[in-house]
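[1] here is my input; please provide its structure:
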Amino acid sequence: MLLGVDVRAGEAAVAHAFAAVTADRVASRIQAHDTTLWGPAAAPDAEKRLGWTHLDEESTQFVPDLLALRDDIRARGLDHVVLCGMGGSSLAPEVICRAAGVELTVLDSSQPDMVRGVLSDRLDRTVVVVSSKSGTTVETDSQRRVFEAAFTDAGIDPAERLIIVTDPGSVLAEAGHAAGYRVFLADPDVGGRYSALSAFGLVPSALAGADVEALLAQARAVDDAVWADDGPAARLGALLGAAHEQGVDKLVLVDHTGAGLGDWIEQLIAESTGKQGRGILPVVVASADSPNVDPPTPDSVVVHLGDQPLHHRWSATIRADLGAQMLLWEAITAIAGRLIGINPFDQPDVESAKAAARELLNGDDDLPPADSIDGSIELFGSTTGSIRRALEDLQSQIDPHTGYLAVQAYLDRHALAGLERVRDTLARRTGRPVTFGWGPRFLHSTGQYHKGGAPDGVFLQITCEPLEDLAIPGRPFTFGQFCASQADGDAQVLRAKGRPVLRLHLRSPDDLTRVRELLA
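    Have a look, this model is predicted:
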């Protein structure tokens, strides 16, 4: 399979946008690193964020080292690979390994039950990849610390088990070299969410057993098509850009791959375009039978990741191997960003939630008390004392023409796989697009859109008391305190921007059964 794209759009605006993209040679200029494409304000970011356009060629240089390291690890009996990383550092490897059918345990959470679960799983056979572009991501740093302590306590030298992926000159690179860890340095001119074909995507995937040489070859095979000025990236970028200008700003991704490709695209599109009060909201669904697909809401483009007949005017299908899909979607995003009029390489609103969480952890502010209680479940953002009424109130605030509901579950996603199905239930109930995100990982992806995109969202947070909290070595706070501060900090920022937020805090695991019943 190479690359097949079908687009159905009966709007003159799409033809006009495609003609403009073609005439301006946008695709080929992106590949040539033309930093002027997104305007003067975006040029400084573009100057240091376009290295991804040639990764399908350049990343082949370190593949032999990766394969040699993989063979060494296996020879030492280390057959369990754990990846500690957030956002772009974890989503691409997770998809690559699922598509390849190889095991990779992704730890992209500060939820203490999830962290303890990974720590207790085959530690004697585990190698840990710690991935952070900046080297300062607090979740990843905390995960590294707790694994170092666990290995040391088990009589294992952490230098034999930890592998670092980061940018040159980062604090993580310096700490890794000083500790004697194996360090892979990524291209600093590649942004995190565009890094699928860089060391961030390839190192953990190769160590887990995925064929990364084939992945890069899939991208190279469609290189000429992707960067053609009248090619599929231009066509799909024009579709999304023109749709956005017509008020069609939701992107329903029907993921037929079974590998979670939609989750990776969600992060790429949402964080790249959701700013300045506009952008494209991805809505990831599991099948063509899911709500929001047939029929979609009038403000949605439906894209099938796999072959599918097209029935709606704003729709497309993409048939391609995984490496080709990744390169194509990165190009689509950059082209759509130009048409929307935003900088697709920054994430100005991600930092606001981080700052609010830091203030809570530093004691500059206190976690607020519950506004009301229903049984053993605490309600924040509702004084009704009834979960049912609070949910009804929240849903009544969804704009029937442009609104959406975002469900944010700060829970152990390894233990609660399948909870995502509440998305379909709520989409049927509301008749509007509904997204589902695991906290805190969504803060590094859709969190940018929630705060920087169109102000049309209402938000349902689900948090819980951990079964057992977990200390972070060298930190004055625990994983439980950190996770709680992330949820509350994000809610503070959302409310300050006028977004309705309801948080349900569960005091025991049994409370989740009750919440599921109320959401059904």
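[2] so Glu271 makes contact with Gln448?
    Yes - counting by CB atoms under 8 Å, Glu271 touches Gln448, with 4.4 Å between them. From N, CA and C alone the C-beta is placed, and that goes for glycine too.
[3] quick check: neighbours shared by the two?
    Residues touching both Glu271 and Gln448 (CB atoms under 8 Å, 6 or more residues apart in numbering) are Gln347, Val350.
[4] domains of this protein?
    Segmentation of the chain into domains, based on automatic domain parsing, reads 3-24+234-340, 55-218, 350-519.
[5] same list (the ones you listed) but as JSON lines, adding mean pLDDT and mean neighbour count.
    Formatted as JSON lines, the domains of the chain follow (pLDDT from 0 to 100; neighbours: other CB atoms under 10 Å):
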{"stretch": "domain 3-24+234-340", "mean pLDDT": "94", "mean neighbour count": "21"}
{"stretch": "domain 55-218", "mean pLDDT": "97", "mean neighbour count": "21"}
{"stretch": "domain 350-519", "mean pLDDT": "94", "mean neighbour count": "19"}
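[6] for Val303, phi and psi?
    phi -120, psi 120 (degrees, to the nearest 10).
[7] check contacts around it.
    Applying CB under 8 Å, 6+ apart to Val303 gives the contacts Leu236, Leu251, Val252, Leu253, Val254, Ser315, Ala316, Thr317, Ile318.
[8] for the first one, which non-adjacent residue is spatially closest?
    In this structure, Leu236 finds its nearest non-sequential neighbour in Ile332, 4.7 Å apart by CB to CB, 6 or more residues apart in numbering.
[9] part of a strand, is the one you found?
    No - Ile332 is assigned helix when assessed by DSSP: H, G, I helix; E, B strand; the rest coil, not a strand.
[10] numbering from 57 from now on, please.
    Sure, I'll start counting at 57 from here, so that last one is Ile388.
[11] related to what we said a few turns ago, out of the contacts of Val359, which is nearest to Met382?
    Lowest distance from Met382 to the contacts of Val359 (CB to CB) belongs to Ile374, with 11.4 Å.
[12] looking at this protein, which residue lies furthest from center?
    Relative to the centre of the chain, the most outlying C-alpha is that of Gly211, 35.2 Å out, by CA atoms, centre = their mean.
[13] OK, contacts around that one?
    Contacts of Gly211 (CB under 8 Å, 6+ apart): none.
[14] separation between it and Arg217?
    Distance check for Gly211 against Arg217: by CB to CB, to the nearest Å, it reads 12 Å.
[15] pretty sure Val357 contacts Leu366?
    No - shown here, Val357 and Leu366 do not form a contact pair, counting by CB under 8 Å, at 11.2 Å.
[16] name the residues contacting each of those two.
    Common contacts of Val357 and Leu366, defined by CB under 8 Å, 6+ apart, comprise Ala372.
[17] any idea which element the nearest residue to Arg201 once chain neighbours are set aside lies in?
    Spatial nearest neighbour of Arg201, excluding adjacent residues (CB to CB, 6+ apart): Pro529 at 4.6 Å. Under the criterion of DSSP states H and E, Pro529 resides outside all helices and strands.
[18] just to revisit the earlier point, in TSV, list the domains of the chain along with distance to Asp101.
    Below are the domains of the chain laid out as TSV (distance: least, CB to CB, whole Å):
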stretch	distance to Asp101
domain 59-80+290-396	11
domain 111-274	8
domain 406-575	14
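[19] one step back: now do the same contact list for the residue nearest to Arg201.
    By CB under 8 Å, 6+ apart, the contact set of Pro529 is Arg201, Val202, Glu204, Ala205.
[20] and the longest strand for the chain?
    Secondary structure of the chain per DSSP state E: the longest strand is strand 513-520.
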